[in-house]
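**Q** build the 3D model from these lines:
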Amino acid sequence: MRLGIFGGSFDPVHLAHLRLAECCCAQVELDEIWFVPTAHQPLKPEGPEASNVDRLAMLVLACADHPTFKVSRVELDRGGVSYSIDTLEAVRAEQATAELFFMMGADALADFPAWHRPADICRLATPLVVRRGETVEPSYEVLRGFVSTERLDQIHQQQVEMPPMPISSSQIRALIATDGDWQALLPSSVADYILEHRPYASKR
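**A** Okay, the predicted model is just below:
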């Protein structure tokens with residue numbers, strides 16, 4: 001099985017997240033994508049605004065109509081700071097024969113050498129870099145110290161292209177807080193959940 005691992009706060013999950021996953025499935029022929037909501041991202045120590053229960057529920061709703069999309073609790077159940085290498089090791093223990101792809105935006109690639117155990121991330125999974133149409137071409141030289149030249153070329157060739165979708169979770173939270181127009185940026189099931197359960201009400 002070709003398995004993509006898609007980590008993030010998903011606070012909340014939105015249409016650009018789903019489009020990114022769809023592009024990865026189509027262009028790299030992934031069999032499944034696991035959405036992995038983080039407990040606490042190393043680079044975002046303040047943590048997500050919505051609770052773990054709400055973020056997980058919104059992800060389950062967003063993935064319900066996509067048979068290849070699954071939601072994993074591995075980081076929420078582990079708790080603490082969510083390091084990607086710990087997640088990949090847990091997934092490898094569960095899926096011993098799967099070919100793992102670690103999905104990341106092109107903007108995250110530049111910071112990759114500063115991540116926790118980057119060489120081991122590359123050992124366990126193939127970095128799958130997604131470039132949105134409005135962004136510059138990423139530089140893969142940052143990976144040269146962690147993979148062979150041949151593998152570096154393969155990673156570059158597998159770059160996923162995604163159409164421009166200028167949507168962010170922080171933008172949606174700001175629109176919710178100011179009674180802006182945010183519902184069209186989300187799957188309808190997620191928008192309905194937010195209206196009913198008000199996971200961001202305390203931030204208004």
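
**Q** for the rest of this, base every contact and every neighbour count on C-alpha atoms.
**A** OK.

**Q** helix or strand right after the helix or strand of the chain with the lowest mean pLDDT?
**A** Taking mean pLDDT, DSSP states H and E as the measure, helix 106-109 is the helix or strand of the chain with the lowest mean score, a mean of 90. Downstream of helix 106-109, the next assigned helix or strand under DSSP states H and E is helix 118-124.

**Q** strand partners of whatever helix or strand residue 128 lives in, parallel vs antiparallel please.
**A** For residue 128, the element it lies in under DSSP H and E is strand 126-132. Here the strand partners of strand 126-132, with direction, are listed using DSSP bridges: strand 99-105 (parallel), strand 160-162 (parallel).

**Q** wait, which of the ones you listed is closest to residue 8?
**A** Comparison of those against residue 8 by CA to CA identifies strand 99-105 as nearest, at 9.5 Å.

**Q** picking that back up, just give me how far the strand holding residue 128 sits from the chain centre.
**A** Strand 126-132 has its average C-alpha position 11 Å from the chain's average C-alpha position, going by CA atoms, centre = their mean, to the nearest Å.

**Q** and for residue 161, the neighbour number?
**A** Counted with other CA atoms under 10 Å, residues neighbouring residue 161 total 15.

**Q** who's in contact with it?
**A** Shown here is residue 161, whose contacts under the criterion CA atoms under 8 Å, 6 or more residues apart in numbering are 23, 130, 131, 132, 133.

**Q** buried subset of those residues, written for PyMOL?
**A** For selection in PyMOL, the members of the contacts of residue 161 meeting the burial criterion (16 or more other CA atoms under 10 Å) are listed in this command:
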select buried, resi 23+130+131+132
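
**Q** need the contacts of residue 161 in a markdown table (columns: distance to residue 37).
**A** As requested, the contacts of residue 161 are arranged in a markdown table below (distance: CA to CA, whole Å):
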| residue | distance to residue 37 |
| --- | --- |
| 23 | 20 |
| 130 | 18 |
| 131 | 21 |
| 132 | 21 |
| 133 | 25 |
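
**Q** closest to residue 159 out of the contacts of residue 161?
**A** When the contacts of residue 161 are compared against residue 159 (criterion: CA to CA), the nearest one is residue 130, at 6.0 Å.

**Q** now the strands for this protein?
**A** Along the chain, the segments classed as strands by DSSP state E run 2-8, 32-37, 69-71, 99-105, 126-132, 160-162.

**Q** tell me the buried residues in the lengthiest helix in the chain?
**A** Taking residue count as the measure and DSSP state H as the definition, the longest helix of the chain comes out as helix 15-28. For helix 15-28, burial by neighbour count (16+ other CA under 10 Å) applies to 15, 16, 17, 18, 20, 21, 22, 23, 24, 25.

**Q** sketch out the low-pLDDT regions of this protein for me.
**A** When the per-residue scores of the chain are filtered using pLDDT under 70, the ranges that remain are 43-45, 202-204.

**Q** same thing but at 90, please
**A** Confidence mapping of the chain against pLDDT under 90 gives the ranges 39-47, 80-82, 107, 132-137, 201-204.

**Q** assess the claim that residue 20 and residue 129 are in contact.
**A** No. Contact between residue 20 and residue 129 fails when scored by CA atoms under 8 Å: they sit 10.4 Å apart.

**Q** could I get the phi/psi values of residue 73?
**A** phi -90, psi 10 (degrees, to the nearest 10).
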